[in-house]
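K.L.:
how would this look folded up:
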Amino acid sequence: MRHSWTLDRERDEEDPQKKLKYPRSVFFIVVNEFCERFSYYGMRTILSLYLNKALGFPEDTATVLYHVFIMLCYFTPILGAIVADTFLGKYKTILYVSILYAVGNVVLSVGAIPNTEWIGAPVEDAYGVPQTVVSLIGLFIIAVGTGGIKPCVAAFGGDQFIRPQQDRQLETFFSIFYFSINAGSLLSTVVTPILRDEVECAGVETCYPLAFGVPAILFAVALAVFLIGSSSYTKTPPSSHNVIAQSTSCITHAISRKFKAKKGEKKRDHWLDYADDKYDTSLIQDLKGVLTIVLLYLPMPFFWALFDQQGSRWTFQATRMDGNLGGGVAIKPDQMQVVNPLLILLFVPIFEAFFYPLFNKIGVLHRPLQKMVFGGTLAGVAFVVSGLVELQLEPTYAKIPPTNYLQLNIYNTLDCNLTINFNNTQYEVPRLSALPLDDSSEYFKNGVYDLVATSMNCPDLVNDTLMKTLNMTQYPSASLLFSYSSDSQGFDALDLAEIELEKSDNANPRIRILYDLATESNGENVTFMIGGFEWTGLPDQGSTESMDRLSPGSYEIKYSIGGGDPVLIRSEEFLTGAVYEVVVASDNPGKPFMLVQELTKPNSVSILLLIPQYVLITMGEVMFSPIGLQFSFTQAPESMKSLIQGLWQLTVAFGNLIVIIIAEAKIFPKQSDEFFLFAGLMFVDMIILAILAWRYKYKETPDSSNKEKKKSISDSSDSESIGDEGREQDTGM
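P.N.:
Alright, predicted model coming up:
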C-alpha cells in the first residue's frame, strides 16, 4: 500500500510551477537543534577541566579521555545511519536515540556530584572512583546518543521540502540550521563556564553538577520540542536495503574473487570488476567513485586532530594566561572557546559574499580541494602561533621537581639569622625571610636527613640550637617553618608541610597559609579570613588547604583565636595565576609576623594573545569543513551519498585518535614542542592532499534544470546532508 503523503508529494513534483508554502515543521527541527547543540557544546566546553580538576586525571590523561569521547561521537554516526536507513527511519531513530542521549546527560550530571553514595559504596572524597566510573558511563551514553542522531536530523529537516520546487527554500533552511548550531554553541560556551566556576555546591567550590545539569535540561527541552512537532512532520520510511552492508559485501566478494582468479583468466581493468558475476555494474561503478573519494579522505583526519584541540590543549593553555581585561572584566579559560562559533557567524557570510567571488574572479582557489588545502594550511599556521605563545608562557610555569626529588622552602620567622646544616650543606637564612630552594641544582633526593639549626645572636633565647630529623620522602614539594617555641625560650621547626605548585584551573591566585601561633592560641582553633573566605585550621600551628576562589586583587588578611574578634595583620595583593604561601607566626600576642612567598609566577601573558590562533583555525574551518561537505555531496555517486556522509564523519573520529596517540606517546616534555610537531605534520599532510587533489578528476554536476530525471524521495533525503555543517562540520541534532 502506498502512503497518501507519497502520492501528494509526487503530484506536487509533477507541477514545478506550483508555489509551495514554507513547511512549518522545520521550525520545530531548528529549535530542537539549537537546544541540543547548547546541551552538547555546553557539556563539552567544560569537559577537559572536569576530567582534570574534578576527577583528578593528569592533564595528558584528561586530553586523551576528551579526544576518546569526541572520537566516539564521530564513530557512532555510521551506526545511526544504518538504523535510520534500514530499520526505523529518521524520525524514530532521532526519537529513540534522543531518549538514550537524555539518560546520558542525567547520568553525567548526577555523577558529577561529589561525596555521594553509589549502590551502597561511599565515595571517600570528592574524587572517588565511583564518581569517575559513573561520569565515564554518562559520557559513553552521550557519545552513542549524539553520534546516533548526527546523520539524521539535518536530512530529516530536508525531507520536509519538496524538490525541485522548494530548492531555494531548502537552501534557506540549511542557513538557518547552520546558524542555530553556532548560536547554541556560542551561548552555551559563555554560560557553562560561569556555572562551573561561580557557583558553589555540594560542599565544593566549583559546581560541575549544575554546569552539566543545565545542558541536560536544555536537551530535555529539545526532545519536547521535537515531539510537539510530530504531527506536522513528513516521515520518510526506511529503504528496503542497506547500502553500507551491500557495498561491504561487494568489496569483499571482489577481493575474494581476485585472489582466487586462475592464471590465464582475463584480467579486469579494476579489481572491483571481479564482483560483476554477482553485483550490478552500476553498484560497482559507484563503489569505484567512493574509493576515489576515500583516497582523498586519508589526509583529512589531521585537520580535525588540530581543530578539536581547542577544547583540550588550547583550553589548558588558557588557564595559564591572564584573563583580566580591566574594569573588573575577566575571561575564564574555557570561555575562550566562544571565539570559534562567534567568528564562524562572522566569517561565513564574508567568505561567501567577498572572498570566494574574488578567488573565482582572479582564478585561484576556485576548486573545493584547493580551498581545503589552503584551509588545512591555515590550521597548521594556527599551531605555529600557539607554539610561539606557549614559549612565552613557559617561564611563568610551576617548577616541578623530577620524580624521587623534593623542592624545599625554608622560612625563618625568628628575629635573628639562622644557620642550617643538612645534606652536607650549610644554608644561611636571614631573619624574617624565606629561602626557596627551587633551582634544579638545589632539589633534594628523597630520603631521611638529620638537620642542625643554630640561631645567631637571637635576643632572649636560652636554647640557640635545634636538632631535627626530616623525612623527605613523602612530597614533591614542601615547606619547613622555623618559629619560636611555645615557651619562647628556644625555637622549633614544624613538620614538613606539602605545598601545591601548579596553577589553578580558573586562573585565580592559589593561596595556602602556613602558621605557628602557639604563643597566643593556647590550644584553640585558629581561623584566617581573606576577602570574605575563611579557613579554620588546627590549634596552635599547622597549614590550611590551598584555596583558589579569590579573584586577583588586594585583600586584608585577618585571623582570630577560638572565634574571637578578628585581628588585622595587613593587606596583600594576589595576582592572576600565581601560587602563594602566606606564613604567619608570632611570639607577641596580637602582633603576628607575616611573610608572603610567591611560589609560582603569576600569569603575565594576556589571554587575548590566543585570538590570532583562533582566527586562523576558524578561517581554516570555514574553508575546510563546509567545503568538504559540499565536495563529498557533489562528488558522491547518487546511491552512495549516505555512505560518503558517514565516511566524512569518520575523518573526525580518526583525527581525534591521532591526538590520543601523540598525547599518550609523550614525545616531548614541553607543550610548545608538541604544538610545533602538529603544525609540521599538518604542513606535510596538506602537501600530500595537494598532490592527490592535483591528480583528481572532478565529476561534472548534472544540469539542475533537467526535469526529465525523476528523483526518488530517498535520493532527496540524501541530498539534504550538504547543508549539515555546523561547528566541526556538525551534522548532529
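K.L.:
nearest residue to the residue sitting furthest away from the middle of the chain other than its sequence neighbours?
P.N.:
In terms of distance from the mean C-alpha position of the chain, Val462 ranks first, at 60.0 Å (CA atoms, centre = their mean). Closest residue to Val462 apart from its sequence neighbours, by CB to CB, 6 or more residues apart in numbering: Gln489 at 4.4 Å. For the C-beta atoms, the positions are set from N, CA and C on the backbone; glycine is no exception.
K.L.:
did I read that right, the residue farthest from the centre of the chain in a helix?
P.N.:
No: according to DSSP: H, G, I helix; E, B strand; the rest coil, the state of Val462 is coil, so it is not within a helix.
K.L.:
dead centre of this structure: give me the residue that sits there.
P.N.:
Most central in the chain under CA atoms, centre = their mean is Gly311, positioned 2.6 Å from the mean C-alpha point.
K.L.:
got the contact list for it?
P.N.:
44-45, 47-48, 66, 70, 337 (CB atoms under 8 Å, 6 or more residues apart in numbering).
K.L.:
just the pLDDT for it.
P.N.:
On the pLDDT scale, Gly311 is placed at 83.
K.L.:
same question for Leu49.
P.N.:
Leu49 is assigned a predicted lDDT (pLDDT) of 89.
K.L.:
for the one 10 residues further on, same thing?
P.N.:
Looking at Glu59, its pLDDT reads 82.
K.L.:
tell me how far it lies from Leu51.
P.N.:
Look at Glu59 and Leu51: by CB to CB, to the nearest Å, they are 9 Å apart.
K.L.:
now swap in Ser188 and tell me
P.N.:
As for Ser188, its distance to Leu51 is 18 Å (criterion: CB to CB).
K.L.:
Gly542 now?
P.N.:
Gly542 is 32 Å from Leu51, by CB to CB.
K.L.:
circling back: for the residue farthest from the centre of the chain, phi and psi?
P.N.:
The phi/psi pair for Val462 (degrees, to the nearest 10) reads phi -80, psi -40.
K.L.:
neighbour count for Glu59 and Leu51, which is higher?
P.N.:
Neighbour count, other CB atoms under 10 Å: between Glu59 and Leu51, Leu51 has more, with 25 against 19.
K.L.:
list the contacts of the closest residue to that one other than its chain neighbours.
P.N.:
Using CB to CB, 6+ apart and skipping residues adjacent in sequence, the residue nearest Leu51 is Ala62, 3.9 Å away. Counting by CB under 8 Å, 6+ apart, Ala62 touches 48, 51-52, 55, 312.
K.L.:
what about 10 Å?
P.N.:
By CB atoms under 10 Å, 6 or more residues apart in numbering, the residues touching Ala62 are 47-53, 55-56, 312, 315-316, 663.
K.L.:
which of the residues you listed count as buried?
P.N.:
Burial by neighbour count, judged by 16 or more other CB atoms under 10 Å, picks out 47-53, 55, 312, 315-316, 663 from the contacts of Ala62.
K.L.:
ok, these vs Tyr91, which is closest?
P.N.:
Tyr91 lies nearest to Leu47 out of the buried ones among the contacts of Ala62, by CB to CB, at 29.8 Å.
K.L.:
mind checking the SS state of the closest residue to that closest one other than its chain neighbours?
P.N.:
Excluding its sequence neighbours, the residue lying closest to Leu47 (CB to CB, 6+ apart) is Tyr66, at 5.8 Å. Secondary structure, three-state DSSP: Tyr66 is helix.
K.L.:
ok, now Leu480?
P.N.:
strand.
K.L.:
pretty sure Asn360 is touching His366, no?
P.N.:
Yes: counting by CB atoms under 10 Å, Asn360 touches His366, with 4.9 Å between them.
K.L.:
distance of the closest residue to Asn324 other than its chain neighbours from Asp322?
P.N.:
Excluding the flanking residues, the one nearest Asn324 by CB to CB, 6+ apart is Ala330, at 5.0 Å. Here the criterion is CB to CB. By it, Ala330 lies 9 Å from Asp322.
K.L.:
which residues of the stretch 201-350 of the chain fall in helices?
P.N.:
Per DSSP state H, counting those that start in this stretch, the stretch 201-350 of the chain carries helices over the ranges 208-228, 243-260, 281-297, 301-307, 313-318, 339-350.
K.L.:
circling back to that earlier point, just the ones in helices from the contacts of Ala62, please.
P.N.:
Secondary structure from DSSP state H places 47-49, 315-316, 663 of the contacts of Ala62 in helices.
K.L.:
closest one to Gln613 out of those residues, please.
P.N.:
Using CB to CB, Thr315 comes nearest to Gln613 of the ones in helices among the contacts of Ala62, at 12.6 Å.
K.L.:
hang on, isn't that closest one packed against Tyr66?
P.N.:
Yes: shown here, Thr315 and Tyr66 form a contact pair, counting by CB under 10 Å, at 9.1 Å.
K.L.:
give me the common contacts of those two.
P.N.:
By CB under 10 Å, 6+ apart, the residues touching both Thr315 and Tyr66 are 47-49, 52, 309.
K.L.:
can you put those residues in CSV and add distance to Asn182?
P.N.:
Shown next, in CSV, are those (distance: CB to CB, whole Å):
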residue, distance to Asn182
Leu47, 19
Ser48, 21
Leu49, 22
Asn52, 27
Gln309, 19
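K.L.:
any idea which of those residues is closest to Gly157?
P.N.:
Among the shared contacts of Thr315 and Tyr66, and counting by CB to CB, the member closest to Gly157 is Leu47, at 27.6 Å.
K.L.:
so the residue nearest to Val462 sits in a helix?
P.N.:
No: counting by three-state DSSP, Gln489 is not part of a helix but coil.
K.L.:
is it true that it touches Thr519?
P.N.:
No: counting by CB under 10 Å, Gln489 stays clear of Thr519, with 11.2 Å between them.
K.L.:
neighbour-wise, which of the two wins?
P.N.:
Taking other CB under 10 Å, Gln489 and Thr519 do not tie; Thr519 has more neighbours (19 against 11).
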